[in-house]
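>>> Sequence and predicted structure are below.
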2 protein chains.
Amino acid sequence: MSPQALKASKGEETRAQILDAAVQQASKGGFESITIGSLAERTGLSKSGLFAHFGSRTDLQIAALDEAARRFTQAVFLPAMKLPRGLPRLRAIFQGWIDWPEHGRLRGCPMQGASAEFDDLPGPMRDAVVERQLQLAGELAKAVTMAAESGELCADTDAKQFVFEMTGIVLACYSTQRLLGDARSSSRALVAFERLVQDHLAPAAKRDSRPAAPRR
Amino acid sequence: MSPQALKASKGEETRAQILDAAVQQASKGGFESITIGSLAERTGLSKSGLFAHFGSRTDLQIAALDEAARRFTQAVFLPAMKLPRGLPRLRAIFQGWIDWPEHGRLRGCPMQGASAEFDDLPGPMRDAVVERQLQLAGELAKAVTMAAESGELCADTDAKQFVFEMTGIVLACYSTQRLLGDARSSSRALVAFERLVQDHLAPAAKRDSRPAAPRR
């Protein structure tokens, strides 16, 4: 490896290390808890070293949000994409969404945390959160629409309503898990989601519509 | 009025004024934004005057949480109690829950905000939030159970599951309203709640089960 390439690779590594620390911190104390100072302490890097990678605190917060979104895509959407379009994929997305904070070794979903944190704080970070939440809602609606196009869900399924309800189930799950430590949160969420699916099944799909192998 | 009674009444008034400012502030910036200093500024009272009413910042935060819970009860449960037990009361509770931040001139539901804020911050405030959320879940479950006892919902309705799903709908409504400014949030929430109710209707109640006069 050339000295230049080595330096670039080292830079990438440091950046990844900073972002990892930032996502961990956001999942615990929120994105507002991220400061150049707190991350310098957490990573053992100098403040000037952090500034070399991120020009400002806001840049760092937005980069951490993007990193969380990237991990979410990787943990939830990419595995689901390997499954056939329609219900199998939609169910995998839901299950992945419920599981991802735990699988990502996070204390909570940073994206949902960011929504609650910035809904009333105008600025570039709020704009970034809104953009990513709309993008997520769009991706989810696409997965619902595909399940209607595949003939599994009713053709007249209101994809936005479906996504609204699906989101509510996830929020209830996260909230009861984190605040109340309710061990039944995930199973309640799955029951709720299956009711949502069953209520929208196309008549022809009602025969063998149960999930193939329920995960525990 | 005796001078003592006048003084006591003036004290109550000041206390109410402080708590009103505290609830307003919590609904905007969260309970962690409440400090003796910030409320002194907001109310025009001296810091020592505030300390005379609330011995510590934590006392003030918990008193503000209690005040929010009291208003919630007054805005949501008390009006619903005037309706017959069963579905009419359950529907009124749901509608009131959706509407209450707006009717209370709040920027959001302080109780749900507090849940997201303190789920990962151990201490007396988190304990207070957990206690009040469990109490709310208990009251909601009672209303669901009454609707099963009245024969409107199926006798085997899982009240805790019902409350879990009802809570999710409210969380999705608040979240899409506040972050995305989605004007359809309330109507989507009502559609979701009606689906929840319809799925649990007792067979005998299925004839005239629609809400009497939908509010707009």
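Looks like it arrived, so ask away.

>>> tell me the contacts of the residue nearest the centre of chain A?
Compute the mean C-alpha point of chain A, and by CA atoms, centre = their mean the closest residue is residue A:72, 4.0 Å away. Applying CB atoms under 8 Å, 6 or more residues apart in numbering or on different chains to residue A:72 gives the contacts A:100, A:109, A:111, A:136. Bear in mind the C-beta positions are built from the backbone N, C-alpha and C, glycine included.

>>> Distance of the third one relative to chain B?
It stands for residue A:111. 11 Å (CB to the nearest CB, to the nearest Å).

>>> Look at residue A:183 and tell me its secondary structure.
With DSSP: H, G, I helix; E, B strand; the rest coil as the basis, residue A:183 sits in coil.

>>> Serialize the contacts of residue A:72 to JSON lines and add fields for secondary structure, neighbour count and pLDDT.
As requested, the contacts of residue A:72 are exported to JSON lines (DSSP: H, G, I helix; E, B strand; the rest coil; neighbours: other CB atoms under 10 Å in any protein chain shown; pLDDT from 0 to 100):
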{"residue": "A:100", "secondary structure": "helix", "neighbour count": "18", "pLDDT": "90"}
{"residue": "A:109", "secondary structure": "coil", "neighbour count": "22", "pLDDT": "84"}
{"residue": "A:111", "secondary structure": "helix", "neighbour count": "21", "pLDDT": "84"}
{"residue": "A:136", "secondary structure": "helix", "neighbour count": "19", "pLDDT": "95"}
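
>>> and which of those residues is nearest residue B:61?
Nearest to residue B:61, judged by CB to CB, of the contacts of residue A:72 is residue A:109 at 25.2 Å.

>>> Next one, pLDDT for the closest residue to that closest one other than its chain neighbours please.
Among residues not flanking residue A:109 along the chain, residue A:101 sits closest, at 5.0 Å (CB to CB, 6 or more residues apart in numbering or on different chains). pLDDT recorded at residue A:101 is 87.

>>> so what's residue A:101 up against?
Counting by CB under 8 Å, 6+ apart, residue A:101 has contacts A:27, A:107-109, A:174.

>>> again, only this time at 10 Å
Applying CB atoms under 10 Å, 6 or more residues apart in numbering or on different chains, we find residue A:101 in contact with A:27, A:72, A:75, A:107-113, A:173-174, A:177-178.

>>> Which ones among these lie within helices?
A:27, A:72, A:110-113, A:173-174, A:177-178 (DSSP state H).

>>> what sits against residue A:168?
By CB under 10 Å, 6+ apart, residue A:168 lies in contact with A:192, A:196, B:165-176, B:188-189, B:192.

>>> hey, where'd the strands end up in chain A?
Using DSSP state E, no strands are found in chain A.

>>> Tell me where the model's unsure across it.
A:1, A:207-216 (pLDDT under 70).

>>> can you map out the helices along it?
A:3-29, A:36-43, A:47-53, A:57-72, A:78-81, A:87-103, A:110-118, A:124-149, A:159-180, A:185-200.

>>> Run the contact check for stretch A:74-94 versus chain B.
No: counting by CB under 10 Å from any CB of the partner chain, chain B has no neighbours in stretch A:74-94; the shortest distance is 12.7 Å.

>>> Surely residue A:165 is in contact with residue A:199?
Yes: between residue A:165 and residue A:199 there is a contact under CB atoms under 10 Å: 9.5 Å.

>>> which residues do those two both contact?
With CB under 10 Å, 6+ apart, residue A:165 and residue A:199 have common neighbours B:195-196.

>>> Look at those two and report which has more neighbours.
residue A:165 (26 against 16; other CB atoms under 10 Å in any protein chain shown).

>>> How about the contacts made by the more buried one?
A:158, A:192-193, A:195-196, A:199-200, B:165, B:168-169, B:172, B:188-189, B:191-192, B:195-196.

>>> Relative to the whole chain's centre, how far out is stretch A:168-180?
14 Å (CA atoms, centre = their mean, to the nearest Å).

>>> CA-only coordinates of it, as CSV, when you get a sec.
Once non-C-alpha atoms are left out, stretch A:168-180 reads as follows in CSV (Å, rounded to 0.1, in the frame of the first residue of the first chain):
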residue,chain,number,x,y,z
GLY,A,168,-47.0,2.8,16.0
ILE,A,169,-46.5,-0.9,16.8
VAL,A,170,-42.7,-0.4,16.7
LEU,A,171,-42.9,2.8,18.9
ALA,A,172,-45.1,1.0,21.5
CYS,A,173,-42.6,-1.9,21.5
TYR,A,174,-39.5,0.3,22.0
SER,A,175,-41.3,2.4,24.6
THR,A,176,-42.5,-0.5,26.7
GLN,A,177,-39.2,-2.3,26.4
ARG,A,178,-37.0,0.6,27.4
LEU,A,179,-39.1,2.3,30.0
LEU,A,180,-41.1,-0.5,31.5
